[in-house]
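Engineer: With the input below, show me the fold.
(one chain, ligands or ions: 1)
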Amino acid sequence: MFSGFKNSCRRIHIFAADFKKQAFMAGDITLTMIKPDAVKKNFIGPILKMINEAGFRIVAMKYTKLSKEKAGEFYAVHRERPFYGELVDFMSSGPIVAAILEKENAVDDFRKLIGATDPSKAEEGTIRKLYAASIGENAVHGSDSDENAVIEGDFHFSKLERF
Ligand code: ADP
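Structural biologist: So this is what the prediction gives:
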């Protein structure tokens with residue numbers, strides 16, 4: 001009976017260690033969304049291929065659609081910007097693919113892979129250069145800091161949806 005208790009304690013300990021690992025792996029994860037414009041143009045496959053080939057591991061992924069309310073919440077930091085309404089309408093206009101990606105230096109490396117916000121200023125070979133049409137409808141989202149990567153990951157995914 002005592003060994004059963006010890007085993008339970010060990011399991012709780014392992015669970016707590018995993019939980020801590022998941023919660024504090026800042027620097028290794030970023031959150032991406034393949035935005036409604038890229039989904040509509042059938043670019044999910046080519047974009048995921050670029051993500052794979054750049055060495056990111058998919059930790060969590062879902063095909064989903066944001067309500068206006070959820071899109072507004074996700075982009076709340078931009079509430080005061082003139083394009084906020086347009087951004088919320090666009091991001092809730094159709095399905096998206098949301099994913100947590102893992103890699104060393106994930107946030108910076110993914111920002112390099114997607115390129116500048118405005119595709120006309122993005123470097124050759126970046127996702128936005130290849131697949132985005134305009135500064136508003138720019139194909140993909142990538143977290144801008146380790147802290148926001150964790151917040152945005154939690155926005156889209158529960159612990160049970162991560163592998
Ligand atoms: P990024 O997505 O590159 O981090 P921002 O955080 O500045 O860029 O903006 C968030 C999103 O808001 C952009 O990806 C884009 O969809 C939209 N956006 C940014 N600037 C503009 C703009 N001047 N006009 C319309 N939409 C914009």
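
Engineer: For the host helix or strand of residue 147, list every residue counted as buried.
Structural biologist: Taking DSSP states H and E as the definition, residue 147 sits inside helix 146-156. Neighbour-count burial for helix 146-156, counted by 16 or more other CB atoms under 10 Å, picks out 146, 148, 149, 150, 152, 153, 156. Every residue, glycine included, has its C-beta placed from N, CA and C.

Engineer: Those residues: which ones sit near the ligand?
Structural biologist: By CB under 6 Å from any ligand atom, no member of the buried residues of helix 146-156 lies near the ligand.

Engineer: Out of those, which is nearest to the ligand?
Structural biologist: residue 148 (9.4 Å; CB to the nearest ligand atom).

Engineer: Give me the pLDDT value at the closest one.
Structural biologist: Looking at residue 148, its pLDDT stands at 97.

Engineer: now do the one 4 residues further on
Structural biologist: Among the per-residue scores, residue 152 shows a pLDDT of 98.

Engineer: just checking, it touches residue 75?
Structural biologist: No - using CB atoms under 8 Å, residue 152 makes no contact with residue 75, being 10.5 Å away.

Engineer: Not counting sequence-adjacent ones, nearest residue to the most centrally placed residue in the chain?
Structural biologist: Centroid-nearest residue in the chain: residue 31, 1.9 Å away (criterion: CA atoms, centre = their mean). Counting by CB to CB, 6 or more residues apart in numbering, residue 31 lies nearest to residue 152, which is 3.7 Å off, once chain neighbours are set aside.

Engineer: OK, contacts around the closest residue to residue 118 other than its chain neighbours?
Structural biologist: Leaving out its chain neighbours, the residue that sits closest to residue 118 by CB to CB, 6+ apart is residue 135, at 4.3 Å. Residues counted as contacts of residue 135 (CB atoms under 8 Å, 6 or more residues apart in numbering) are 117, 118, 119, 120.
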